[in-house]
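# What shape does this take:
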Amino acid sequence: MSSAKTLKASRILGVGSYVPPRVWTNDDISKMMDTSDEWIRQRTGIEQRHWAGPGVDTTDLALVAAERALENAKVKKEDLDAIVFATLSPDHDFPGGGCFLQAKLGVPGIAAFDVRQQCTGFLYGLSVADQFIKTGMFKRVLVVGAEIHSRGMDRTPEGRDVAVLFGDGAGAVVVGDCDGMPAEKDSQIYSTHLHADGAFAKELWVAAPGSAMGADFRITHETLDRREQFPQMNGKTVFVHAVKRMPEALMEALNANGKKLEDVDLFLFHQANLRINEMVGKQLGIPPEKIFNTIQKFANTTAATIPIGMDEAVKAGKLKKGMLVASAAFGSGFTWASALFRY
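Numbering: from 1, shown residues only. As a prediction, the model looks like this:
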C-alpha cells in the first residue's frame, strides 16, 4: 500500500528593500543625452531613479535588502536553508551572485544559486523557493532580486530610449513553511505560474559578451564598436506582448485558486513602464487604487521591482497582513509569470 506525501504550504515571512542614496532625476539624465523630463514622463511615467556610486556591487545592495527582510521576518540568518538570487547584473560572470551574497551574509554551507530571468526573475525565484518548501526539502529560503543597471547602459544620445528606463536597487523576502495547513485567511503562497517564449529572445537582449560571438573571444573590439554590450530593445513588440501576457498570467493564477479579480486586495506588477501597468489594469477593469506602482521613484530595477514594491506598500500601509495579493511580470526572454499569495 503506497502513501502519498502531503505537500506543505509556504508563506512570505518578511520583506526588505534597499536603493542607493544617489538620485538621478529626468533633468539630470537630459544633461547626458537628447531627452527631457516631459519626454520620459509621457512615455514611461518615470520621474527619477537611483544609481549606485563607485565601489558598490549588486550584492552590496542585495545584502542590505536581505538583512532588512530577515529582521522584518524575525528570522536569524543561521536558520536559512537556501538563497535564491535573481539578477541580470551579477558582480561577476561566475560564480553566481548568490555565492558572493552568501559570503557577505555569513551563512556558509547552505544552498545558493542564481536565477537569470530578468524582469520575471523575482517571481521565478519565489516559485523555486515555494516548491522547495512544499516538498519539505527546505524550511526557510531567502529570495533576493537585485540589480545595478547604471553601469551597463548606453548613456550617449543613441541609447536614450533604453537608458532612461532603468534604476539600481534590491528587494528580498524570506519564505518559510506554514505551521500545519493554513486556513483560508492565513498567510500563504497559493500558487505561482511560469512561462517563456524564446522565439522573442532578441527583441530585448544584450548580445555581448557571449560564446556566440563567432570569434575566439567572448567580446571583441568589433562588438564594442557596434555597441553590442548595451541592451537592445524593440519597445513596440515588448509593449504589445506585455499587455497581453500579464493579464493572461494574472487570470491563470486567479482561476487556479477559484478567485476573482474583485477578491484581490492589492496588485503588485513588475515596474517596466507605467503605461503597461495602466493598460493591464484598464483591460481587466482593476481600480487604479488597487495597483501599487513605484516606477515613478525607482524606475525599472528588473528583478527587484516586485519586492521593492512589496516593501514600499507595507511601509505606506497599503499592504497589511491577511491581504490577498496578485503579482505579475513580463520581461526579456520573453518570460512572464504570476503569483497569488496572502500576505
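
# For the rest of this, base every contact and every neighbour count on C-alpha atoms.
Noted.

# Do you have the strands of this protein handy? List them.
Counting by DSSP state E, the chain has strands at residues 10-18, 23-25, 48-50, 82-86, 111-115, 140-147, 169-177, 188-196, 204-205, 232-233, 266-269, 324-331, 335-342.

# so which of those strands gets nearest K297?
strand 48-50 (5.3 Å; CA to CA).

# now for that closest one, which elements pack on it?
strand 23-25, helix 295-298 (3 or more CA pairs under 8 Å, 6 or more residues apart in numbering; DSSP states H and E).

# Pick the most deeply packed of the strands of the chain.
Neighbour counts (mean count of other CA atoms under 10 Å) averaged over each of the strands of the chain peak at strand 140-147, with a mean of 32.

# Switch the helices and strands packed on strand 48-50 over to a markdown table; also include mean pLDDT and distance to E222.
Below are the helices and strands packed on strand 48-50 laid out as a markdown table (pLDDT from 0 to 100; distance: least, CA to CA, whole Å):
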| stretch | mean pLDDT | distance to E222 |
| --- | --- | --- |
| strand 23-25 | 98 | 31 |
| helix 295-298 | 98 | 34 |
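
# could I get those as JSON lines with distance to K104?
Converted to JSON lines, these look like this (distance: least, CA to CA, whole Å):
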{"stretch": "strand 23-25", "distance to K104": "25"}
{"stretch": "helix 295-298", "distance to K104": "25"}
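
# wait, what's in contact with the residue lying closest to S89 once chain neighbours are set aside?
Counting by CA to CA, 6 or more residues apart in numbering, S89 lies nearest to E147, which is 5.5 Å off, once chain neighbours are set aside. Residues near E147 by CA atoms under 8 Å, 6 or more residues apart in numbering: 58, 87-90, 167-170, 301-304.

# Return the member of those residues nearest to V240.
Nearest to V240 among those, with distances taken as CA to CA, is T302, at 18.4 Å.

# How many residues are close by Q229?
Close neighbours of Q229, defined as other CA atoms under 10 Å, add up to 19.

# hang on, isn't it packed against M213?
No. Using CA atoms under 8 Å as the test, Q229 is too far from M213 to be in contact (11.5 Å).

# got any ranges where the stretch 51-200 of the chain has weak pLDDT?
Within the stretch 51-200 of the chain, not a single segment meets pLDDT under 70.

# try it again with 90
Scanning the stretch 51-200 of the chain for pLDDT under 90 picks out 154-161, 179-185.

# Quick check: the gap between the residue nearest to the spatial centre of the chain and I110.
Centroid check for the chain by CA atoms, centre = their mean gives A303 as the closest residue, at 2.4 Å. Here A303 is placed at a distance of 22 Å from I110 (CA to CA, to the nearest Å).

# do the same with M33
Counting by CA to CA - M33 and I110 are separated by 45 Å.

# more crowded one of these two?
For M33 versus I110, neighbours defined as other CA under 10 Å are more numerous around M33 (17 against 14).

# which one is that one nearest to, not counting chain neighbours?
Closest to M33 by CA to CA, 6+ apart is P157, at 4.4 Å.

# Please name the residues that touch that neighbour.
By CA under 8 Å, 6+ apart, P157 lies in contact with M32, M33, D34.

# What of K74?
Going by CA under 8 Å, 6+ apart, K74 touches G14.

# Distance-wise, check it relative to F230.
K74 is 40 Å from F230, by CA to CA.

# Let me see the ranges of the helices in the stretch 101-250 of the chain.
Assigned by DSSP state H, counting those that start in this stretch, the stretch 101-250 of the chain shows helices spanning 121-134, 160-163, 221-225, 235-256.

# Deepest-packed of those, please.
Of those, helix 121-134 is the most buried (mean count of other CA under 10 Å), at a mean of 25.

# ok now stretch 302-316, how far from the chain's centre?
Using CA atoms, centre = their mean, to the nearest Å, the mean C-alpha position of stretch 302-316 is found 9 Å from that of the whole chain.

# Give me the buried stretch members for it, please.
For stretch 302-316, the neighbour count (16 or more other CA atoms under 10 Å) marks T302, A303, A304, T305, I306, P307, I308, G309, M310, D311, E312, A313 as buried.

# Relative to Y343, how far out is G136?
From G136 to Y343 the distance is 21 Å (CA to CA).

# domains of the protein?
Split into domains by automatic domain parsing, the chain comes to 10-177, 188-342.

# end-to-end on the longest one?
Domain 10-177 has its terminal residues 4 Å apart, counting by CA to CA.

# And that domain, how far out from the chain middle?
Offset of domain 10-177 from its chain centre (CA atoms, centre = their mean): 7 Å.

# related to what we said a few turns ago, just give me the closest of the contacts of E147 to K321.
Of all those, A304 has the smallest distance to K321: 21.5 Å, by CA to CA.

# Please name the nearest non-neighbouring residue to T192.
In space, T192 is closest to A339, 4.3 Å off (CA to CA, 6+ apart).

# show me what contacts that neighbour?
Counting by CA under 8 Å, 6+ apart, A339 has contacts L123, I189, Y190, S191, T192, H193, L250, A253, A326, S327, A328.

# Recalculate using a threshold of 7 Å.
L123, S191, T192, H193, A253, A326, S327, A328 (CA atoms under 7 Å, 6 or more residues apart in numbering).
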